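Novice: No letters, just coordinates:
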């Protein structure tokens, strides 16, 4: 296998979970982490977690990868376990994927140190946040942890823990074998003829992805990039930018989609998915929806609430809620009015 960190660096691997953190830097941080030595083992306990929770609507890449390239994902996890001398590895798996892929994954895992941990059905969106995953595996309340400390130094049971997206482990396996070609998986959905998951070059713009997948509309449209509820919204003149986040693009026909209905759907989602841990998110999103659904919207109050969500929410759920709404208003709603 050689020096896996050198191979990862040479490939320029960036995590595919949405944050865009350099893989080699995270792996090296966990490798160097000292943690609290185990009294029984006399050495630092370390763990590996493959995040295949995929709880955001409009993102389906991990399911596709596990269906077609599960052997590569498992290989990437094993490489991480060996590199870190980790005690155990977990595949934190979306329950729908578990029902479909359990037999295949179990066969590939065999007698390794890897265990499948099923994401609880009621854990929702927040159940895929990396520190909330740690709580789930430990049997605690499903909510994010205060950071710092970060999982790299204090993860599962207070031990250094490597958490990467399933696609990231797939890429690590390819890099280790000298077969990485700087691609990523894009999920395309919405008002387009060829919905699905496509593996294309990592450096494509939104426009090029839509054209290469034969999904570029011939009608007035806008897109949401990154995910169906957290992604940023752009109009048809703003597509010469790279695809960020989880690699998802949702196409909206301007004729078919109503501004108020779109925003209400987002707010309904965030109200139902809030874990209730912090007031800015728990109360703020509920209040946002209340203000928005009035016959005459108080836009000043609405925008103040959006800003408060961005600035004061405990985790990414609350801060993400403001992104699609603000960008829809700025890039699409104002364009039309």
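Specialist: Yep, it's here. Quick caveat, the model's predicted, so the values are computed rather than measured.
Novice: helices and strands around the helix or strand harbouring residue 223, which ones?
Specialist: When elements are assigned from DSSP states H and E, residue 223 belongs to strand 221-225. Using 3 or more C-beta pairs under 8 Å, 6 or more residues apart in numbering; DSSP states H and E as the contact test, the elements touching strand 221-225 are helix 206-212, strand 232-235, strand 248-253. (C-beta placed from N, C-alpha, C; glycine too.)
Novice: Just want the angle from that strand to strand 248-253.
Specialist: Angle, strand 221-225 to strand 248-253, by axes from the mean of the first three to the mean of the last three C-alpha atoms, to 10 degrees: 160 degrees.
Novice: pLDDT of strand 221-225, averaged?
Specialist: Strand 221-225 carries an average pLDDT of 97.
Novice: closest to residue 102 out of the helices and strands packed on strand 221-225?
Specialist: Among the helices and strands packed on strand 221-225, strand 248-253 comes nearest to residue 102, with 25.1 Å by C-beta to C-beta.
Novice: What strands line up against the closest one, and which way round?
Specialist: Each strand paired with strand 248-253, and its direction, by DSSP bridges: strand 183-190 (parallel), strand 221-225 (antiparallel).
Novice: Any buried residues in the helix or strand just after the longest one, and which?
Specialist: It refers to strand 183-190. Per DSSP H and E, strand 183-190 leads on to strand 196-201 as the next helix or strand towards the C-terminus. For strand 196-201, the neighbour count (16 or more other C-beta atoms under 10 Å) marks 197, 198, 199, 200 as buried.
Novice: For strand 196-201, name the packing helices and strands.
Specialist: Looks like strand 196-201 contacts strand 183-190, helix 206-212 (3+ C-beta pairs under 8 Å, 6+ apart).
Novice: Contacts for that strand, please.
Specialist: 60-61, 64, 182-188, 209, 212-213 (C-beta atoms under 8 Å, 6 or more residues apart in numbering).
Novice: Residue 292 touches residue 267, doesn't it?
Specialist: Yes. Residue 292 is within contact range of residue 267, at 6.3 Å (criterion: C-beta atoms under 8 Å).
Novice: So the two - more neighbours on which side?
Specialist: Neighbour tally, residue 292 and residue 267, criterion other C-beta atoms under 10 Å: the higher count belongs to residue 267, 21 against 18.
Novice: you'd agree that one is in a helix?
Specialist: Yes. Counting by DSSP: H, G, I helix; E, B strand; the rest coil, residue 267 is part of a helix.
Novice: burial count for the spatially closest residue to it that is not a sequence neighbour?
Specialist: Excluding its sequence neighbours, the residue lying closest to residue 267 (C-beta to C-beta, 6 or more residues apart in numbering) is residue 289, at 4.1 Å. By other C-beta under 10 Å, 17 other residues sit near residue 289.
Novice: Please tell me I have it right and residue 289 contacts residue 268.
Specialist: Yes. With contact defined as C-beta under 8 Å, residue 289 reaches residue 268; the gap is 7.1 Å.
Novice: circling back: farthest pair in the contacts of strand 196-201?
Specialist: Using C-beta to C-beta, those reach their maximum pairwise distance at 60 and 182, which is 21.5 Å.
Novice: okay, the two: which has more neighbours?
Specialist: Legend: neighbour count by other C-beta under 10 Å for residue 60 and residue 182, higher for residue 60 (21 against 13).
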